[in-house]
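Chemist: Okay, predicted coordinates and the sequence, questions at the end:
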Amino acid sequence: MLSEQTLKKLIRYRHELHAIPEISHKEEKTAAYIKEKLEQTDPDSIIDEIGGHGLVAIYNGTDPENGPVLMIRAELDALAIEEQNEVSYKSEHTGRMHACGHDGHMAIVLGVAEWLRDHRPEKGKVMLLFQPAEETGEGAERMLSDPKFKEFHFDRGFALHNLPGYKKNTVYIRSKTFALASVGIKITLSGKSSHAAFPEEGINPSAALAELVNKLCEIQKKLSSSDDTRVLTITYLKVGEPAFGINPGQGEAGVTIRAETDDKAKQLYERVVKTIEEINNRFECEITHEESEPFAATVNDEDGVEKLKQVAKKQSINIEELDEPIRWSEDFGSFRKNGPITLFGLGAGEKHETLHSETYDFNDDLIACGAKTFCEWIKSELNEG
């Protein structure tokens, strides 16, 4: 499918991208790099700066109006993590690294672009989409709402995500929900500071925060004992500063909720908000909350799942079905507003370092299989016979 020379080039691309990680909304250098490489594959058009630093490359088939538009997505952004790998292509940016494999996903889709340069389909169009701000759950929505994107539509969208802990180069698929919906809740407790010698002159939010934690843990325990996939996690707690002369007046907590459907996530969110309001009515400090980093559930189109199974079988690619959704969230879910989507996992190795770890590094052995899967899907959809 891809020559040995092309694969070596894609690995080099991956390493170069790994060295220049940029966090959500700041992917300027990454987007410029991707645009430069796409231009070398002779697309019919490239539209950039969509929803921030997002970009789309269009490859027309021989008869572009007589066939579907297929979209393949990769992510541009990295994470605010200090890399601890000692590799020649280690992150050049302090406190930032590609710890989720987006550098590898971009290299795979650039591999599709390389293939399309010499293998235009007989009909329809292929849209290669590189989205910003996937990690914060904002990039897809920003692209979809950008006027530049209004001229685009796709008939079917595909994306992959590498899966550490799963068999290498095995495709993992699931009908309906593949990745959970989620949302973060930032909870702020506002009281009044005072000298630690005179706590009665202040309003310390510690008791309210302790009560809140207890109530959230009760919800968490009930969810853990149930059969559904709803998850509540307390992600951080903070009251005051490491000082012994101050009675603190401010507190903060973070909560993440996850569920298999958007409706179930909304119900759990409302349950947490009701708990916050009940505690607010019982304590002297003021408790407020705000939503952060919402992700829609990634719900796979069943026809897309069946097409992927057929492609994998034809190409002797190992494929397995997941019994339950992946518990993390993926911004790809928002693209289903534009058309049916299918997200699949590509096993990175059962002992491969976990995602979002300081020592994670994308497995370059996945590039050939990932690109082959996408290219074979294009052939099956846009070529006769």
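Modeler: That came through fine.
Chemist: what's the burial count for S292?
Modeler: Here the number of neighbours of S292 (other C-beta atoms under 10 Å) works out to 14. In short, each C-beta sits where N, CA and C put it, glycine included.
Chemist: what's the answer for P248, then?
Modeler: 22.
Chemist: Next, count neighbours for the closest residue in space to it that isn't next to it in sequence.
Modeler: Closest residue to P248 apart from its sequence neighbours, by C-beta to C-beta, 6 or more residues apart in numbering: G240 at 2.8 Å. Neighbours of G240 under the rule other C-beta under 10 Å: 16.
Chemist: what's G240 sitting at in phi/psi?
Modeler: G240 adopts backbone torsions of phi 60, psi -160, taken as degrees, to the nearest 10.
Chemist: can you list the domain ranges for the chain.
Modeler: 4-177+297-382, 181-294 (automatic domain parsing).
Chemist: just those domains: most buried one?
Modeler: Compared across those, domain 4-177+297-382 shows the largest average neighbour count, a mean of 19 (mean count of other C-beta atoms under 10 Å).
Chemist: can you give me the end-to-end distance of it?
Modeler: By C-alpha to C-alpha, to the nearest Å, the extent of domain 4-177+297-382 from end to end equals 25 Å.
Chemist: what is the mean pLDDT for that domain?
Modeler: Averaging pLDDT along domain 4-177+297-382 gives 97.
Chemist: Who does the helix or strand where V56 lies pair with, and is each partner parallel or antiparallel?
Modeler: In the assignment (DSSP states H and E), V56 maps to strand 54-60. Using DSSP bridges, strand 54-60 pairs in its sheet with strand 45-50 (antiparallel), strand 125-131 (antiparallel).
Chemist: Quick check: nearest residue in space to the spatially most central residue of the chain, chain neighbours excluded?
Modeler: Nearest to the geometric centre of the chain sits E330, at 3.7 Å (C-alpha atoms, centre = their mean). In this structure, E330 finds its nearest non-sequential neighbour in A179, 4.2 Å apart by C-beta to C-beta, 6+ apart.
Chemist: just checking, that neighbour touches S334?
Modeler: No: between A179 and S334 there is no contact under C-beta atoms under 8 Å: 11.7 Å.
Chemist: what touches both of these two?
Modeler: F295 (C-beta atoms under 8 Å, 6 or more residues apart in numbering).
Chemist: for this structure, longest helix please?
Modeler: Counting residues, the longest helix found in the chain (DSSP state H) is helix 262-282.
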